[in-house]
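Student: structure for this input, please:
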Amino acid sequence: MEVPEPETPEPETPGPETPEGAPPRRRGRTTLLIAVAAVLGVVAGTCTGFLVQADRAPDKLPSLAQQTLTQAKGPAPEPLSAAQDREVKVDGDLRKLLLKKPAGARAADYTVGIDGWMSLEEYAETYDKPDSALGELTASEFRRVAVTTWQATSTRSIEIRLVQYRQENDLAAADAAKDAYYLSGRESHTDSWPIPGTGDGMVYVHNSPKREAGYLDEYQAEARAWRGDIALEMWVSDTKPVPKKTIMDLATRQMERL
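Tutor: Next comes the predicted model:
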């Protein structure tokens with residue numbers, strides 16, 4: 001009896017939807033659509049959460065813990081007098097804050113200012129370069145200068161200036177004093193000491209005289225300081241060296257009045 005041979009399967013022919021030799025289908029578009037849908041779902045959920053929260057009444061905040069303040073009893077303190085209130089003092093007649101001419105002293109041999117005041121132009125003339133100084137003083141919000149002079153002895157004279165600035169933008173009084181510290185300290189044969197109670201105020205004793213043809217040699221000592229909106233300028237001039245005690249005493253007493 002003959003055994004039938006197994007049938008050999010015929011090869012499948014490629015169908016119309018899968019052409020022979022075509023590359024496999026890419027899956028990127030499907031993945032992108034799924035990702036977009038997930039993002040939209042998250043956004044929609046977030047918006048829904050905001051809407052739900054907006055419809056809810058706000059939770060009441062806990063009360064703040066604070067100690068009960070005890071109200072002071074008795075009358076209110078008296079306002080400062082004009083003598084105690086520095087702002088009232090410096091906004092008034094600035095000449096009243098200058099040291100008074102001591103008993104026994106006489107009027108100075110030279111005239112400075114008019115009735116105890118120096119104008120901006122006259123004050124600028126005391127600088128080496130008046131035109132430049134005039135512009136700088138105006139920019140520094142210069143306000144006014146009160147001045148006094150007297151003759152302590154036949155050879156010794158004193159001049160004191162209180163230069164006030166408006167100080168709406170800068171601390172011009174402090175800047176003016178610091179410039180003076182630098183210039184006065186640079187002079188040769190000069191000794192210097194701090195003025196007590198002023199922070200950075202200084203006195204300078206110049207041990208070399210100024211010489212000018214037709215005049216006696218002149219020794220000088222000076223004091224520079226500031227307080228608030230006022231810069232102090234003080235000179236003691238004599239035909240012989242000025243003692244430290246003389247300029248220091250005058251400067252200390254003048255600053256106490258400010």
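Student: just the C-alphas of stretch 205-214, formatted as CSV.
Tutor: Extracted as CSV, the C-alpha positions of stretch 205-214 are listed here (Å, rounded to 0.1, in the frame of the first residue of the first chain):
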residue,chain,number,x,y,z
VAL,A,205,47.9,124.9,64.5
HIS,A,206,50.1,126.1,61.7
ASN,A,207,53.6,126.7,63.1
SER,A,208,55.0,128.5,60.0
PRO,A,209,53.9,132.1,59.5
LYS,A,210,52.4,133.5,56.3
ARG,A,211,54.6,136.2,54.9
GLU,A,212,53.5,139.1,52.7
ALA,A,213,55.4,142.1,51.7
GLY,A,214,54.5,145.2,53.7
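Student: show the average pLDDT along it.
Tutor: Averaged across stretch 205-214, pLDDT comes to 92.
Student: go on, stretch 230-239?
Tutor: Taken as a whole, stretch 230-239 has an average pLDDT of 97.
Student: surely Glu121 forms part of a helix?
Tutor: Yes: when classified by DSSP: H, G, I helix; E, B strand; the rest coil, Glu121 is found to be part of a helix.
Student: pLDDT wise, what is it at?
Tutor: Per-residue confidence for Glu121 comes out at a pLDDT of 96.
Student: next one: phi and psi at the nearest residue to it once chain neighbours are set aside?
Tutor: Computed as CB to CB, 6 or more residues apart in numbering, the closest residue to Glu121 that is not its neighbour in sequence is Leu134, at 6.9 Å. (C-beta placed from N, C-alpha, C; glycine too.) Backbone dihedrals for Leu134, given as degrees, to the nearest 10, come out at phi -60, psi -50.
Student: how much space separates Leu134 from Ser140?
Tutor: 11 Å (CB to CB, to the nearest Å).
Student: can you give me the strands for the chain?
Tutor: With DSSP state E as the definition, the chain shows strands at residue ranges 117-118, 142-151, 157-165, 190-194, 202-210, 218-227, 230-238.
Student: dump those strands into JSON lines; add mean neighbour count and distance to Ala108 as well.
Tutor: Formatted as JSON lines, the entries for these read as follows, by neighbours: other CB atoms under 10 Å; distance: least, CB to CB, whole Å:
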{"stretch": "strand 117-118", "mean neighbour count": "17", "distance to Ala108": "14"}
{"stretch": "strand 142-151", "mean neighbour count": "19", "distance to Ala108": "4"}
{"stretch": "strand 157-165", "mean neighbour count": "21", "distance to Ala108": "5"}
{"stretch": "strand 190-194", "mean neighbour count": "14", "distance to Ala108": "24"}
{"stretch": "strand 202-210", "mean neighbour count": "18", "distance to Ala108": "18"}
{"stretch": "strand 218-227", "mean neighbour count": "23", "distance to Ala108": "14"}
{"stretch": "strand 230-238", "mean neighbour count": "22", "distance to Ala108": "10"}
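Student: reformat these as TSV; add distance to Asp55.
Tutor: Listed next are these as TSV, based on distance: least, CB to CB, whole Å:
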stretch	distance to Asp55
strand 117-118	75
strand 142-151	65
strand 157-165	63
strand 190-194	73
strand 202-210	74
strand 218-227	65
strand 230-238	66
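Student: run a quick neighbour tally on Lys96.
Tutor: Lys96 sits with 11 neighbouring residues when counted by other CB atoms under 10 Å.
Student: my bad, Glu136
Tutor: 14.
Student: so, low pLDDT: which residues of this structure?
Tutor: 1-39, 42-44, 50, 52-54, 65-69, 76-89 (pLDDT under 70).
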